[in-house]
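1. Structure, please.
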Amino acid sequence: MRRRRMWTVVTLFVVGCLLWAGCTPAATPTPQVIVKRETEVVTIRETVVVPPTPVPPAPTEITLVDTNSGANFQWYWQNVIVPAIQDQLGIKVNYVVGKIAEQTERMKAWEAGKGDVQLLFVKPDDIASIVKASIPLVKLWPDHKDDIPNLAKCPEDYLKIAQGVDIQGTGALYWRSQYMLMYNTEYVKNPPKSWKEFYERRAEWKGHIGWIRPDAKSGAGRGLPYAFLNAFVPLTDAAGKAIPLADLQAKPEFKDAVTKLREFIKACKSAIPAEPPNMFEDFNAGDTWLAVYAMDFSLWSVSQGTMPPTLAAAALSDGVPAGSDGYLAIPANIPEAYKPVVMKIINYLLSDDQQIRLITTMWQYTGTQIDEQIPDVVWRKIPKWSEVEKVRVRQTNKEVTDWIKTNGVKELLGE
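-> Now for the predicted structure:
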């Protein structure tokens with residue numbers, strides 16, 4: 001009995017504990033920390049520095065083809081100008097003496113950017129022919145006057161017109177070559193002052209007057225007859241425009257001028273020299289006493305011993321022919337990188353220093369208008385340009401020039 005009570009008490013105690021445990025609030029659970037990882041895409045702007053493509057260095061070597069110069073200026077280019085360009089500009093110039101016909105044909109075949117001659121030195125009729133043939137040249141004036149500032153010192157009419165042809169500013173005038181009456185003071189004490197006087201006094205010097213055949217390679221073959229005719233009958237109008245050949249040939253004064261020219265040539269030394277060197281030999285031998293010819297070459301030849309030391313120069317008041325003026329031109333179909341380099345050379349050649357050297361060394365009139373800077377000693381030897389310019393005869397009537405070249409031997413020499 002007693003044991004039963006005891007188990008009853010124990011049982012009740014256990015049940016009570018269970019009931020108490022069930023009625024007790026549940027324990028607060030321990031919070032769990034949940035880490036949520038999220039990937040966030042962040043755009044980072046990064047500057048990538050790409051090094052620029054290096055600019056290729058400017059060319060330091062060019063080729064120049066000279067179809068203008070005679071022996072005197074070929075020497076001057078090779079021994080004076082080319083070394084000066086190398087020394088002052090650091091540019092090597094491969095100087096080549098060429099023929100304009102061959103060079104023109106080569107240029108016709110060039111593709112854009114493929115030309116291998118970067119600078120030309122040509123005569124007025126050559127640059128005129130190149131332009132008329134539509135062979136592209138770089139238009140220097142006025143398009144590149146900032147690249148070639150010395151170009152502004154050249155007379156603008158020479159930059160526009162050559163041999164009566166609009167050359168479209170494609171040539172830079174390097175020099176002005178001028179014919180003069182060249183006479184040996186040993187034999188001629190009182191030279192003629194004009195063509196008209198020369199004609200009237202021709203018997204005084206018969207057999208001792210120098211002349212060049214109309215079919216000569218030298219431009220003198222056309223320049224001398226042109227200037228003679230122009231002294232008796234104007235070949236251009238008051239505006240400087242060429243008078244058509246047919247109109248001239250219809251004028252009695254033109255026919256009379258041609259007759260006078262024939263008579264004058266008969267008084268010249270025979271046989272008429274084919275080229276100037278033959279005439280120079282006659283001067284040195286004392287057979288020729290006076291002739292109208294290129295002043296620069298004549299005076300330079302004195303220093304070479306091929307013309308007499310007693311040679312002097314004088315102008316004729318009714319016109320002395322212009323010689324082969326010198327034009328610098330850039331073919332358009334050369335690589336672009338060469339063009340600024342060549343313009344730099346042209347600007348250097350037109351600088352006051354180079355132009356003064358030209359006239360003091362070679363007796364060649366400058367392409368730029370800088371008379372006031374030229375030493376007085378020069379003007380004691382040759383006439384001032386301001387005086388020569390008034391009587392200078394440029395062959396602007398191409399029809400007359402062509403007529404002399406084609407018909408001169410028959411019409412003037414009677415051959």
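2. going forward, measure contacts and count neighbours with C-alpha atoms only.
-> Fine.
3. State the number of residues packed around V341.
-> 18 (other C-alpha atoms under 10 Å).
4. Report the secondary structure state of it.
-> helix (DSSP: H, G, I helix; E, B strand; the rest coil).
5. That one reaches E61, doesn't it?
-> No. V341 is beyond contact range of E61, at 9.1 Å (criterion: C-alpha atoms under 8 Å).
6. Quick check: S324 is in a strand.
-> No. Using three-state DSSP, the assignment for S324 is coil, not a strand.
7. quick one: it and P124 touch, right?
-> Yes. Using C-alpha under 8 Å, S324 makes contact with P124 at a distance of 6.6 Å.
8. Against A133, how distant is N347?
-> Distance from N347 to A133, counting by C-alpha to C-alpha, to the nearest Å: 27 Å.
9. Test my guess that S194 contacts D318.
-> Yes. Counting by C-alpha under 8 Å, S194 touches D318, with 5.6 Å between them.
10. Would you map the strands across the stretch 51-200 of the chain?
-> Counting by DSSP state E, counting those that start in this stretch, the stretch 51-200 of the chain has strands at residues 61-66, 92-97, 119-122, 161-162, 165-166, 172-176, 179-184.
11. Now mean neighbour count too, for these, in a markdown table please.
-> Written out in a markdown table, the entries for those read as follows (neighbours: other C-alpha atoms under 10 Å):
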| stretch | mean neighbour count |
| --- | --- |
| strand 61-66 | 19 |
| strand 92-97 | 16 |
| strand 119-122 | 24 |
| strand 161-162 | 22 |
| strand 165-166 | 18 |
| strand 172-176 | 24 |
| strand 179-184 | 25 |
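12. What I need now is those written out in JSON lines, including distance to P273 for each item.
-> Formatted as JSON lines, the strands of the stretch 51-200 of the chain follow (distance: least, C-alpha to C-alpha, whole Å):
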{"stretch": "strand 61-66", "distance to P273": "25"}
{"stretch": "strand 92-97", "distance to P273": "24"}
{"stretch": "strand 119-122", "distance to P273": "25"}
{"stretch": "strand 161-162", "distance to P273": "28"}
{"stretch": "strand 165-166", "distance to P273": "30"}
{"stretch": "strand 172-176", "distance to P273": "25"}
{"stretch": "strand 179-184", "distance to P273": "16"}
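13. which one of those strands lies closest to K108?
-> strand 119-122 (14.5 Å; C-alpha to C-alpha).
14. Can you pull out the residues in contact with the closest one?
-> With contact meaning C-alpha atoms under 8 Å, 6 or more residues apart in numbering, strand 119-122 is reached by 62-68, 100, 326-331, 342.
15. out of everything not next to it in sequence, what's closest to Y226?
-> T401 (6.8 Å; C-alpha to C-alpha, 6 or more residues apart in numbering).
16. what residues are up against that neighbour?
-> 222-223, 226, 395.
17. Output stretch 179-196 in PDB, but only the C-alpha positions, please.
-> Output of stretch 179-196 as PDB, limited to C-alpha atoms (Å, rounded to 0.1, in the frame of the first residue of the first chain):
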ATOM      1  CA  TYR A 179      70.600  90.200-124.800                       C
ATOM      2  CA  MET A 180      72.700  93.300-125.300                       C
ATOM      3  CA  LEU A 181      74.800  94.800-128.000                       C
ATOM      4  CA  MET A 182      78.100  93.200-127.300                       C
ATOM      5  CA  TYR A 183      81.000  95.000-129.000                       C
ATOM      6  CA  ASN A 184      84.800  94.800-129.000                       C
ATOM      7  CA  THR A 185      86.000  98.300-127.900                       C
ATOM      8  CA  GLU A 186      89.300  97.600-129.800                       C
ATOM      9  CA  TYR A 187      87.400  97.900-133.100                       C
ATOM     10  CA  VAL A 188      84.200  99.700-132.300                       C
ATOM     11  CA  LYS A 189      84.600 103.100-130.600                       C
ATOM     12  CA  ASN A 190      81.100 104.500-131.300                       C
ATOM     13  CA  PRO A 191      78.600 101.700-131.200                       C
ATOM     14  CA  PRO A 192      75.000 102.100-132.600                       C
ATOM     15  CA  LYS A 193      72.400 103.200-130.100                       C
ATOM     16  CA  SER A 194      69.400 101.500-131.900                       C
ATOM     17  CA  TRP A 195      68.500  98.900-134.400                       C
ATOM     18  CA  LYS A 196      67.600 101.600-136.900                       C
END
